[in-house]
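Trainee: no FASTA, just this:
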């Protein structure tokens with residue numbers, strides 16, 4: 001990997017060993033430049049109607065690049081301000097009746113709050129029921145028990161993250177989706193921690209809905225998320241959270257027609273300059289190479305795990321890094337001080353890591369990415 005190109009794209013390396021990429025990532029410098037260029041273009045050219053339509057249409061580059069990255073139809077994507085908003089488009093939009101059931105995996109123990117609380121809230125509001133499937137120590141459900149729950153509850157929707165934010169486990173999404181569909185349930189997948197981190201093939205998985213963000217492993221801007229609807233049939237299951245002219249075609253001055261497919265869910269303006277920046281980020285990420293990025297991140301995570309093996313009285317990794325379902329997210333149990341204390345000590349040494357939760361337990365989460373290096377991992381291990 002070209003280290004000079006890495007250094008140009010990530011000037012954060014000059015001052016911080018940033019090992020908290022599962023929270024947000026630094027943005028590609030070339031994506032920042034693209035956002036600036038597009039904002040200036042908008043103001044210098046003049047935001048008249050004709051220019052705006054062209055400007056907005058240009059953001060389809062992000063759809064095309066997401067389509068290629070995730071093996072999904074470009075017209076199935078709509079943009080939001082975050083993955084959380086995208087999740088809410090489904091959680092509030094799906095037509096639930098009293099007595100309907102949503103099946104979740106891991107619930108508050110291993111799910112990110114943004115992929116649990118919206119389902120909990122709107123199920124209560126609409127009189128539906130949440131049924132949570134138990135998971136093992138890595139956050140993975142027994143598929144036989146999962147099948148029984150989906151079948152027995154006559155679930156309308158099944159929900160899971162693809163990669164767990166706290167434990168870093170890759171879930172068996174394709175198998176879960178197959179079971180959901182065989183039992184007549186729709187399937188929702190949160191790819192916030194997987195897109196840009198591990199291979200994601202939405203076409204192969206077959207999920208009805210997926211949500212993600214620009215600001216994690218793809219190193220794009222904060223304030224941009226996306227929702228994917230597999231096809232028009234899936235999109236038709238959702239009532240728009242908001243509604244406006246961008247979701248319609250005018251028949252005449254008094255009548256309009258609601259757009260088909262996912263487009264009906266995007267009612268108005270978006271931050272198009274940031275969506276251009278997101279496209280640039282995906283382009284830069286792709287130029288470094290998906291396989292190389294994955295290999296690099298895993299190698300650095302393995303260095304962390306190997307370094308912790310010499311400190312067994314202080315730290316214990318919470319997952320087996322040889323179980324075949326790992327990402328570069330390293331969850332750690334701190335044995336003689338609190339995770340927050342470690343985070344604070346590390347910050348003073350110019351190293352950024354995070355405290356997170358595994359159920360009621362506070363844990364230390366270390367999440368290197370491809371632009372990090374062995375020296376930065378060494379700085380962390382010296383702090384530990």
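Mentor: Nice, thanks for sending it over. These numbers were taken from a predicted model, which means no experiment stands behind them.
Trainee: what residues does the helix-or-strand element of the chain with minimal mean pLDDT touch?
Mentor: When the helices and strands of the chain are scored by mean pLDDT, DSSP states H and E, strand 248-252 comes last with a mean of 80. With contact meaning C-beta atoms under 8 Å, 6 or more residues apart in numbering, strand 248-252 is reached by 256, 257, 258, 259. C-beta: built from backbone N, CA, C; applies to glycine.
Trainee: likewise stretch 80-99?
Mentor: 78, 102, 114-115, 118-119, 121-123, 126-129, 156-157, 186, 188, 190, 192, 209, 211-213, 223-227, 237-241, 265, 271.
Trainee: Just the ones of the residues you listed in helices?
Mentor: Counted as lying in helices by DSSP state H, out of the contacts of stretch 80-99, are 118, 119, 121, 122, 123, 126.
Trainee: could you dump the contacts of strand 248-252 to CSV with distance to residue 10?
Mentor: Formatted as CSV, the contacts of strand 248-252 follow (distance: C-beta to C-beta, whole Å):
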residue, distance to residue 10
256, 46
257, 46
258, 43
259, 39
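Trainee: a markdown table for these, including pLDDT?
Mentor: As requested, the contacts of strand 248-252 are exported to a markdown table (pLDDT from 0 to 100):
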| residue | pLDDT |
| --- | --- |
| 256 | 85 |
| 257 | 86 |
| 258 | 86 |
| 259 | 85 |
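Trainee: which one of these sits closest to residue 16?
Mentor: Distance to residue 16, by C-beta to C-beta, is smallest for residue 259 among the contacts of strand 248-252, at 44.2 Å.
Trainee: hang on, isn't the closest one packed against residue 247?
Mentor: Yes. Residue 259 is within contact range of residue 247, at 5.6 Å (criterion: C-beta atoms under 8 Å).
Trainee: circling back: give the next helix or strand downstream of the least confident helix or strand of the chain.
Mentor: Heading C-terminal from strand 248-252, the first helix or strand you meet, by DSSP states H and E, is strand 255-258.
Trainee: ok so, going back, out of the ones in helices among the contacts of stretch 80-99, grab the one that's most surrounded.
Mentor: residue 119 (25 neighbours; other C-beta atoms under 10 Å).
Trainee: just checking, that one touches residue 104?
Mentor: Yes. The criterion here is C-beta under 8 Å, and residue 119 meets it with residue 104 at 6.2 Å.
Trainee: overlap in contacts of these two?
Mentor: 130, 159.
Trainee: Specify the helix with the largest residue count in this structure.
Mentor: In the chain, taking DSSP H as the definition, the longest helix is helix 290-308.
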